[in-house]
Structures are given as structure tokens and as C-alpha cells.
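sequence and predicted structure are below.
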Amino acid sequence: MKKLLALLLASLMIFALVACGADEKKEDKKETVEIASAVEILEKVWAAYGDEQKFFAMGGDGENPVDNAPGAFNIANAELLAAQLICNADAAAMIDSAASLFHAMNANTFTGAAYAIKEGSDAKAFITTMKTAIQGNQWMCGFPEKLLTATIGDGYVVVAFGNGEIIETFKGHLEAQYEMAEIEVEAIA
């Protein structure tokens, strides 16, 4: 009986050590993910969608649109940045670059953007500024249901708003592609 108990305890210890090693590897993976650009974030998330989940989308901005894929957004055009991404001058002052992905039929159904935060700027302050702008926006064609914000490392923020189901699907793919993302989803009302 003692031998059986000793064997069982030894097996449990081995299992625990293997599990701890797997957790450490997962943590290492979280810390070593490198991101080349804001566009890359949205491209990875969009590529993870299955055909049945995709919707007709546009990326980029009004001057440089990309069909059915994310695209870079020209942040030098402050008027377009505020109108399409609801990124006002205060928020725009905190970013180096941006990328976007819109539902092609109605931006209120889904608008997603990834931002590279300027060195020395605070990602949390950027998120607070964006939340205030989105929640205070005068919507013309329906009111978005949910707002998603996420930080990815110290240098990137993702903001998406729109239909609750579409936001949840986007959130799932964002979490799958970027395990280290700190994501928050809330109602816009």
C-alpha cells in the first residue's frame, strides 16, 4: 500500500512539474510576440476569421481604401481620422500610426482600428480619450452596441465598436492571435 501511495504521489509531482513547464512556455510566448505595425494586428485577426464569419469589409481610409482587408490609415488627415475612427485631436496626438477595418455597409455595425502609441504616451490615457469620444459621438445611422478596447504590450491599442455579436467574434480572434492582449468589452450606452 505504501509503495502504491508513493508511486501515486510521484506521478502527481511529475504531472505538476510538466504543467508548470507548460505555463512557463505560455508566459514566454506572451512576452516574445513582436508586432511590426498596426496593420499587422488587424491582418492577423482578420485572417483568423472563417469564411462564414467574414463580412464585406473595407480597410484603410477614404483616400486609400483596401477592399475586404485591413489597411493603413493616414493619420495626417485629422478630419478623416475623427470622422471615420472617432479619433479626435487629443487622441491623435498620442499615436504614430493607425490601421482600420470597417463593415462596408455600415461603419456602426463594425469599426475596428489598431494604433501604434507614441513613445512617451500612455496607452490607458489614449483608451480613456477614445472611449469618451466614441460614447459622446453623434451617430447618424444607428448606435453601436459594444465597445472593445485592448492593449497589446506597451506600444499598441486596438479599439472596435459595433454590433455586440460581431464585437464578441472579433474579441475571440484578437485573444487567439494575441494572448497577451488586455481586453475590455462594454456597452456603449
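Happy to help now that I have it. Numbering: from 1, shown residues only.

which parts of the protein are helices?
Listed in chain order, the helices found in the chain under DSSP state H are 2-32, 38-48, 78-85, 89-92, 123-135, 164-177.

what's the mean pLDDT across the third one?
Okay, so that is helix 78-85. If you average the pLDDT over helix 78-85, you get 94.

let me see the domain layout of this protein.
When the chain is parsed into structural domains using automatic domain parsing, the resulting residue ranges are 1-32, 35-187.

reformat those domains as a markdown table; add mean neighbour count.
In this view, the C-beta of every residue, glycine as well, is placed from N, C-alpha and C. A markdown table is the format used below for those (neighbours: other CB atoms under 10 Å):
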| stretch | mean neighbour count |
| --- | --- |
| domain 1-32 | 10 |
| domain 35-187 | 18 |
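
could you work out the end-to-end span of stretch 97-115 for me?
End-to-end span of stretch 97-115 (CA to CA, to the nearest Å): 6 Å.

show me the contacts for residue 86.
111, 130, 133-134, 137, 161 (CB atoms under 8 Å, 6 or more residues apart in numbering).

what's it sitting at in phi/psi?
phi 60, psi 30 (degrees, to the nearest 10).

next one: it from residue 34, what distance?
Separation of residue 86 from residue 34 (CB to CB, to the nearest Å) stands at 29 Å.

look up which residues are beta-bridged to the spatially most central residue of the chain.
Most central residue of the chain, judged by C-alpha distance to the mean C-alpha position with CA atoms, centre = their mean, is residue 158 at 3.8 Å. Residue 158 forms beta bridges with residue 114, residue 150, as assigned by DSSP bridges.
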